[in-house]
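Q: below: sequence and its predicted model.
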Amino acid sequence: MIGAPQYLLTLYIAEREGDEEAPISPGYVADALDRSPPAATERLQNLDAKGLVDYEPYEGATLTAEGRDAAADLYDTYRTLSRFCRDVLGLDDHEDEAMQLVGNVSRTVAERLAATLLRGEADHDEADGSTETRSQPSPDTPAR
């Protein structure tokens, strides 16, 4: 189910990828979430009413400070879920699956899942005799 968390996360990712702080159009959000532009516009207006985004008709939306904080937390969970879907479940569409789950997983579950993934990585390093620390790959980068 697509809800407010997915909209906030989509705006957050778009803002991170953009070079400027221009508003993100409802059309972009609609395409990213496979929704109609009117549905995206309505959701962005609802998020504006809650103080999570600043929405300007015909311009688009930008995250407020409160919205950006909420989206940053969602992004951390999204990255963990994406990594789990890719590395453990072996899903090609790991980012889509993580986007679907992101608003439905508590912070506690996300933190424990991240710790489990890191522990599994450490166990793997010990098993193959590796002593070097591996960096955490970004789920935004396609699996090799």
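A: Structure received.

Q: the bottom helix or strand of this protein by mean pLDDT?
A: helix 107-127 (a mean of 75; mean pLDDT, DSSP states H and E).

Q: which residues of this structure fall in helices?
A: 4-17, 26-33, 37-49, 65-83, 94-101, 107-127 (DSSP state H).

Q: and the residue lying closest to Leu9 once chain neighbours are set aside, what pLDDT?
A: Leaving aside its chain neighbours, Leu9 sits nearest to Leu74 (4.7 Å; criterion: CB to CB, 6 or more residues apart in numbering). Backbone N, C-alpha and C define where each C-beta goes, glycine included. For Leu74, the model assigns a pLDDT of 94.

Q: what sits against Leu74?
A: Pro5, Leu8, Leu9, Tyr12, Val102, Gly103 (CB atoms under 8 Å, 6 or more residues apart in numbering).

Q: ok, the second one touching Leu47?
A: Yes. In this structure Leu8 lies within contact range of Leu47 using CB atoms under 8 Å: 7.0 Å.

Q: and those two? which has more neighbours close in?
A: Neighbours per residue, other CB atoms under 10 Å: of Leu8 and Leu47, the larger number sits with Leu8, 26 against 22.

Q: give me the nearest residue to the more buried one, chain neighbours excluded.
A: Per CB to CB, 6+ apart, closest to Leu8 is Ala71, 4.3 Å.

Q: show me the shaky parts of this structure.
A: Filtered on pLDDT under 70, the chain yields the residue ranges 1, 19-20, 120-144.
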